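S.K.: how does the following fold in three dimensions:
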Amino acid sequence: MRLWIGALVTLLAAACASSPAPKTAPSGTPVGAVHINPANIRRVGGELPPEYEVTRVAGISAPAGIWGAGAASTVHPPQCAALADPGHGRGESAQGVSGSGAGGIVYAVVAGSPSGPVGLDRNLVAECGRWTMSTGRATASVRLIDAPPIDGFETLGMASDTTTSVEGGTEIISRAYAFTAYLGDYYAFTTLITDPGSAHPPLTPQFAADLLAKTVSALRS
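M.R.: So this is what the prediction gives:
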C-alpha cells in the first residue's frame, strides 16, 4: 500500500529531467558586498496564507535539514550534496520561519556562509540534473527545476519525491520543493512540503518560488 504523505519528508527527490540553467547575477555585481539583515527573516511570516500557524525556527541551515537528510546520507553522485546544503553542514546562525496549514508546510530560512562568499557552482548544475540521496530505508531522486529570477543573485530550484519503506511493507512517498538564493556571505532558501493525497488544494511550487523573492527582498531592506 502506498501512502502519500508530504508532511513526513525525510529526504528529497523527483522524476528525471534535464538540468535548467541557473539564474545568474548580472556582470559586475560585487559578491559578498550585499547588505543582508538576517533578523528581517521574521517579516516573511506575514507572506504566508492568513490561516497558517507561523512559528520561528532555528538550527536548520539547509534544505537537506528540512528533508531529513543528515551527514549519514549516501549521495550519488556525491558532489551533488552541495546543492542541498550550500554551507556544507556548517551554515552559521541559521534562523527562519515556518508555517503549516491545509496547503502544506512552508519554510523560509537564512544562514551565514562559514567560509566567505558562497556562489552556485555551474559545474554542479551541469552534473546534477538528476541525483539521489538515501538514508536507512529512505531513497530519494532529485531533479533541478526552474528557479525564480532575482536581480543580482544566482538562484537554484530543486524538486523531490522520496520513498520510505516502513514495517509491513508500506511505502511512504513524500514530495518537496526547495528554492535557494546565493547572497554573498549569506544564502536563503524556501521549502514547500505538500501532501499529494490531501483533500485540500496544495500550495503550488510557484508559491515557494515567489516566497524566495519576497524573502530576499525582506533581508535586503
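S.K.: how far does the longest helix anywhere in the chain sit from its chain's centre?
M.R.: Using DSSP state H, we find that the single longest helix of the chain is helix 205-220. Using C-alpha atoms, centre = their mean, to the nearest Å, the distance from the centre of helix 205-220 to the centre of the chain it belongs to is 12 Å.
S.K.: buried residues of it, list them for me.
M.R.: 205, 207, 208, 209, 211, 212, 213, 214, 215, 216, 218, 219 (16 or more other C-beta atoms under 10 Å). Heads up, the C-betas are built off the backbone N, CA and C, glycines and all.
S.K.: stretch 43-59 now?
M.R.: Under 16+ other C-beta under 10 Å, the buried positions of stretch 43-59 are 43, 44, 45, 47, 48, 52, 54, 57.
S.K.: that older thread, helices or strands next to the longest helix of the chain in the packing?
M.R.: For helix 205-220, the packing partners by 3 or more C-beta pairs under 8 Å, 6 or more residues apart in numbering; DSSP states H and E come out as strand 104-112, strand 154-165, strand 171-183, strand 186-194.
S.K.: give me whichever of those strands is most buried.
M.R.: For those, the largest average neighbour count (mean count of other C-beta atoms under 10 Å) is found in strand 186-194, namely a mean of 28.
S.K.: neighbouring strands of that strand in the sheet, and parallel or not?
M.R.: strand 104-112 (antiparallel), strand 171-183 (antiparallel) (DSSP bridges).
S.K.: just to revisit the earlier point, closest to residue 125 out of the helices and strands packed on helix 205-220?
M.R.: For the helices and strands packed on helix 205-220, the distance to residue 125 is smallest for strand 154-165, at 7.3 Å, taking C-beta to C-beta.
S.K.: now the angle between helix 205-220 and the closest one, please.
M.R.: 130 degrees (axes from the mean of the first three to the mean of the last three C-alpha atoms, to 10 degrees).
S.K.: re the thing from before, closest to residue 73 out of the strands paired with strand 186-194?
M.R.: So among those, strand 171-183 is nearest, using C-beta to C-beta, at 14.7 Å.
S.K.: and that closest one, C-alpha only, in CSV?
M.R.: Output of strand 171-183 as CSV, limited to C-alpha atoms (Å, rounded to 0.1, in the frame of the first residue of the first chain):
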residue,chain,number,x,y,z
GLU,A,171,5.9,2.8,1.5
ILE,A,172,5.5,6.4,2.4
ILE,A,173,6.0,8.8,-0.5
SER,A,174,6.8,12.5,0.3
ARG,A,175,7.1,15.5,-2.0
ALA,A,176,9.0,18.7,-1.6
TYR,A,177,10.2,21.8,-3.5
ALA,A,178,13.1,24.0,-2.5
PHE,A,179,14.5,27.2,-3.9
THR,A,180,17.8,28.8,-2.9
ALA,A,181,19.3,32.2,-3.4
TYR,A,182,23.1,32.8,-3.0
LEU,A,183,23.5,36.2,-1.3
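S.K.: chain center to it, what's the gap?
M.R.: The mean C-alpha position of strand 171-183 is separated from the chain mean by 5 Å, C-alpha atoms, centre = their mean.
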